[in-house]
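>>> coordinates only, sequence not included:
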Ligand code: NAD
């Protein structure tokens, strides 16, 4: 049990590191960009050297298969670093802008300055990627950073802490491990930017704390990402992609399909194909219990939460089209496919974040759109079908953080695309250039020449000539 003295020492250490970072942020902002690149290169080298350590930590946390860790954590972070190294010169170059007639005589540019000292709060579901990915953007933009990894994946949290202490002085990058109380202590401080990845509920807590200091925020949140399977779907291909995006990481992915709206004409075929593809991808000898390809639910609390969501739906009349072994002691839950789920079931209200997929038939695309638009704007929306008119109709009538057509979730790995949500699913964007922007202040710098300039025409005292010119300008706008 923690004593009051322990807590005050922790608070003291946090504010000491924060103050040291404040001082070194002043140095970092003047450093040549080559130093930023050196930091990123060292980061990449550490990740490659310690690949095994990262795999073992995430396996210990929730039995994530090694190759899955390679693809969704290690490769994702290395892609982010590679992309930043390749583009940093261009991103950091001031952008010259043209002067309109009223600004004749001026020369202007947008320069990118680091925000300063940034806080990165990470979730547990991609515990390495979502701690270090934002750090890449923070360092590329020339910031100091404090990372608070999730307490629910303690092995990976320790690896993140080791990485940072191996590579960086605390006054540049530091890690504070621990639970909610550590987050709360950090949130008391006047950071220059907070990059939070987690649930919409805690996103609101973070934004409220940030408001006290008018700190800018990037909120990478979650929600219920829908899939629409239209009549023109290429069935086998769609089922394969949906099964993988849903059940990889045991359904604990912010952009995993949360529910599927399937056109009634292809409902039966879809369920059959999805069932087959799920087993084909994740089971060994027809079972998932000992499959090395299937991760586990992160802890007992989340296991019980997902289990209760399924029970609630079944009690209210839902039918399990697929289910299998469930073992609370190892947090194994076989993929569950549900149909006939009544609208008032909790599983259609709350983000599922587990290996359960409700499938809901729809009659017309308008019905599907109405269903989606009744819920908060999702982080991603997926459309399967070859009919371009229908794709366009869904695209323009819905709002979401991103859209994938004929695929799911892979947009996360595209380094040239902004990643993020809208309203309930997030504020601000990350990845690549957009991550660099999130951690930068886009500062306009205007240089005025000396002597007479066009703006001086409108200085007081206001002459008749000034009034006439202004009348003319407004008339011609
Ligand atoms: P969470 O919101 O419970 O926790 C995230 C972080 O916030 C953790 O580090 C935690 O310690 C901290 N935290 C928790 N309660 C807090 C409080 N009261 N005050 C301050 N800090 C607090 O989220 P989670 O369970 O770790 O992750 C799952 C959620 O994250 C899902 O909703 C998922 O969709 C979302 N997510 C979003 C993305 C994205 O990129 N948009 C990625 C992964 C996960």
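Everything's here; your move. Values in this document were obtained by computation on a predicted structure and should not be read as measured data.

>>> buried sites along the helix or strand encompassing residue 217?
For residue 217, the host element (DSSP states H and E) is strand 216-220. By 16 or more other Cβ atoms under 10 Å, the buried positions in strand 216-220 come out as 216-220. To be clear about C-beta, it is placed using only N, CA and C from the backbone, and glycine gets the same treatment.

>>> Go back to these and keep what's next to the ligand.
Taking Cβ under 6 Å from any ligand atom as the test, the ligand is in contact with residue 220 out of the buried residues of strand 216-220.

>>> and whichever strand or helix holds residue 281, what's its mean pLDDT?
With elements delineated by DSSP H and E, residue 281 resides in helix 267-282, which encompasses its position. For helix 267-282, mean pLDDT rounds to 96.

>>> Tell me the helices and strands packed up against that helix.
Where contact means 3 or more Cβ pairs under 8 Å, 6 or more residues apart in numbering; DSSP states H and E, helix 267-282 is packed against helix 235-247, strand 319-322, strand 336-339, strand 356-362.

>>> That helix to strand 356-362, inter-axis angle?
Note on geometry: by axes from the mean of the first three to the mean of the last three Cα atoms, to 10 degrees, helix 267-282 and strand 356-362 are set 160 degrees apart in direction.

>>> can you give me the angle helix 267-282 makes with helix 235-247?
Between the direction of helix 267-282 and that of helix 235-247, the angle (the same axes, to 10 degrees) works out to 60 degrees.

>>> just checking, next helix/strand downstream of helix 267-282?
Past helix 267-282, heading to the C-terminal end, the next element that is a helix or strand (DSSP H and E) is helix 300-315.

>>> Tell me how far that following helix lies from the chain's centre.
If you compare the mean C-alpha spot of helix 300-315 with that of the full chain, they lie 25 Å apart, counting by Cα atoms, centre = their mean, to the nearest Å.

>>> Begin at 30 from now on, thanks
Shifting the count to begin at 30 puts that one at helix 329-344.

>>> Give the buried residues for it.
Within helix 329-344, the residues that count as buried by 16+ other Cβ under 10 Å are 331-332, 334-336, 338-339, 341-343.

>>> Quick check: pLDDT value at residue 33.
According to the model's per-residue confidence, residue 33 sits at a pLDDT of 58.

>>> One more: residue 494?
Per-residue confidence at residue 494 stands at 91 (pLDDT).

>>> What residues does the nearest residue to it once chain neighbours are set aside make contact with?
Counting by Cβ to Cβ, 6 or more residues apart in numbering, the nearest residue to residue 494 once its immediate chain neighbours are dropped is residue 486, at 7.9 Å. Listed by Cβ atoms under 8 Å, 6 or more residues apart in numbering, the contact set of residue 486 reads 494-495, 498.

>>> ok, those residues vs residue 359, which is closest?
Minimum separation from residue 359 among these (Cβ to Cβ) is found for residue 498, which lies at 78.4 Å.

>>> so how many other residues sit close to the closest one?
15 (other Cβ atoms under 10 Å).

>>> What does it show for phi and psi?
Summarising the backbone geometry of residue 498 under the convention degrees, to the nearest 10, its torsions are phi -60, psi -40.

>>> Identify the residue spatially nearest to it, adjacent ones excluded.
Counting by Cβ to Cβ, 6+ apart, the residue nearest residue 498 is residue 486, at 5.9 Å.

>>> Helix, strand, or coil at the one you found?
The assignment at residue 486 comes out as helix when based on DSSP: H, G, I helix; E, B strand; the rest coil.

>>> Now do stretch 305-322: distance from first to last residue.
Distance between the boundary residues of stretch 305-322 (Cα to Cα, to the nearest Å) amounts to 16 Å.

>>> Next: stretch 222-232.
End-to-end distance of stretch 222-232 (Cα to Cα): 14 Å.

>>> does any part of it sit near the ligand?
Yes. Where contact is defined by Cβ under 6 Å from any ligand atom, part of stretch 222-232 touches the ligand, namely 226-228, 231.

>>> between those residues, which is nearest residue 506?
Sorting the residues of stretch 222-232 next to the ligand by how near they are to residue 506, with Cβ to Cβ, puts residue 226 at the top with 43.5 Å.

>>> Give me the pLDDT value at the closest one.
The predicted local confidence for residue 226 comes out at a pLDDT of 98.

>>> Need the contact partners of the helix or strand encompassing residue 139.
Using DSSP H and E, residue 139 falls within strand 135-143. Among residues not part of strand 135-143, those counted as contacts by Cβ under 8 Å, 6+ apart are 54, 57-58, 120-121, 123-126, 128, 170-172, 465-466, 468-478, 482.

>>> which among the residues you listed end up buried?
Buried by 16+ other Cβ under 10 Å: 54, 57, 120-121, 170-172, 465-466, 468-469, out of the contacts of strand 135-143.

>>> Dump those into a markdown table; add secondary structure as well.
Rendered in a markdown table, the data for the buried ones among the contacts of strand 135-143 read as follows (three-state DSSP):
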| residue | secondary structure |
| --- | --- |
| 54 | helix |
| 57 | helix |
| 120 | helix |
| 121 | helix |
| 170 | coil |
| 171 | coil |
| 172 | coil |
| 465 | helix |
| 466 | helix |
| 468 | coil |
| 469 | strand |
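
>>> Pick out the most distant pair among those.
Longest distance between any two of these is 18.9 Å, between 54 and 120; criterion Cβ to Cβ.

>>> What residues does the residue of the chain found nearest the ligand make contact with?
Taking Cβ to the nearest ligand atom, the ligand has its nearest neighbour within the chain at residue 251, 1.9 Å off. Contact analysis of residue 251 by Cβ under 8 Å, 6+ apart lists 227-229, 283, 380, 382, 408, 450, 454.

>>> Run through the strands of the stretch 30-179 of the chain in chain order.
Across the stretch 30-179 of the chain, reading from the start of the chain, the strands by DSSP state E, counting those that start in this stretch fall at 124-126, 135-143, 146-150, 173-177.

>>> Next: the stretch 380-506 of the chain.
Taking DSSP E, counting those that start in this stretch as the criterion, the stretch 380-506 of the chain carries its strands at 385-391, 410-413, 432-434, 455-456, 469-477.

>>> Going by neighbour count, which residues of the third one are buried?
When you say that, I think you mean strand 432-434. Counting neighbours by 16+ other Cβ under 10 Å, the buried set in strand 432-434 is 432-433.

>>> That one - contacts with which helices or strands?
With contacts taken as 3+ Cβ pairs under 8 Å, 6+ apart, strand 432-434 sits against strand 410-413.
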